[in-house]
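# Pasted the sequence and its predicted model underneath.
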Amino acid sequence: MIKLIATDMDGTWLNSKKEYDLDKFKQIMDLAREKGVKFVIASGNQYENLVTRFPKEYLSQLYFVAENGAYVLKGREILNIVDLNSDELATIHEIKEKYGQDHPTVLAGVNSAYTLQSYGEEFYNYLRLFYQELKAVDDYESVKDRIFKFTVVTGERESSAFAQQLKREFPSLDMVAGSDSAVDISKLGMNKAVGLKLLGKRYGIPADEMVAFGDGGNDVAMLQYVGQSYATATALPEAKRAANGIIGSSDESAVQDRVLDLLKKL
């Protein structure tokens, strides 16, 4: 019996135009309510950005595992926050000092995301695709916020190898490929599965009654944790290895179609 369905956003729920089939979403939400299934948006993205993607009338019905599991909410109700401590932030400073000249970076916090003014206007505007709340600052040391995550941008299809390199150099933090061109760095052991476990414990839902969809390295733990998991056709190799099955691409609305199929069979 399925009690919870979780989906990643970019490359999974959203197509290459950062859009999705709204009619199918509404069908999914109506069926989920009828069948008593919790629908979870599990993303490395900022919560405030995720909220803008969905009609306001469905917000109270949606659950969010944002920032790769560090920020969990039901609608606007905060259920859990796990931020980085001073030692972990010091390590992130080391990473920024070593790689920040060649690789643009982003610091993600509760109130906003932050990037450096030195990276320029073009990079800032690109980040606006992923961050609703975003500030350009002179340096990260001046930021006063609870920080979840640090992202290092790489070249296309370079993120998986770079994440492994960073993990060897800085084993006290977790590094995963958030996309094919970005490495997400967070607290050791922090991932989307942590957020799903919290929801499972809170609502009495075991892992084998959960389904998840993903495409990136930051989806691996979630795909491995749940009872049924699917990677999209364009997913990174590590996501495909972690999933139970491979479906079509996000441009084909493959996730929406599979979710509808699963809900109709309940």
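Perfect, I can see it now.

# rest of the way, CA atoms for contacts and neighbours
Will do.

# Which parts of the stretch 101-250 of the chain are strands?
Assigned by DSSP state E, counting those that start in this stretch, the strands in the stretch 101-250 of the chain fall at 105-109, 113-116, 134-137, 147-153, 173-179, 182-187, 210-214, 228-231, 245-246.

# which other residues reach the fourth one?
It refers to strand 147-153. For strand 147-153, the surrounding residues in contact (CA atoms under 8 Å, 6 or more residues apart in numbering) are 67, 70-71, 82-84, 92, 100, 103-110, 159, 181-187.

# In it, which residues are buried?
147-153 (16 or more other CA atoms under 10 Å).

# what do you get for stretch 17-29?
Quick answer for stretch 17-29 (16+ other CA under 10 Å): 20, 25, 28-29.

# Let's see which of these end up in helices.
If you go by DSSP state H, these have 25, 28-29 in helices.

# Export those residues as a markdown table, with columns for pLDDT.
Formatted as a markdown table, these follow (pLDDT from 0 to 100):
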| residue | pLDDT |
| --- | --- |
| Phe25 | 98 |
| Ile28 | 98 |
| Met29 | 98 |
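
# which of those lies closest to Leu166?
Using CA to CA, Phe25 comes nearest to Leu166 of those, at 37.6 Å.

# Nearest spatial neighbour of that closest one, chain-adjacent residues omitted?
Once flanking residues are discounted, Phe25 sits nearest to Gln256: 7.0 Å by CA to CA, 6 or more residues apart in numbering.

# residues near the one you found, how many?
22 (other CA atoms under 10 Å).

# Could you double-check that it sits in contact with Lys24?
Yes. Taking CA atoms under 8 Å as the definition, Gln256 is a contact partner of Lys24 at 6.5 Å.

# ok, now which ones touch Ile213?
In this structure residue 213 is Phe, not Ile. 6-8, 12, 223, 229-232, 255.

# Read off the pLDDT value for it.
Looking at Phe213, its pLDDT is 98.

# do the same with Met9
pLDDT at Met9 comes out at 97.

# Pop out the phi and psi values for it.
phi -100, psi -80 (degrees, to the nearest 10).

# Which residues are in contact with Ala42?
6-9, 64-66, 68-69, 192 are the contacts of Ala42 under CA under 8 Å, 6+ apart.

# Recalculate using a threshold of 6 Å.
7-8, 64-66 (CA atoms under 6 Å, 6 or more residues apart in numbering).
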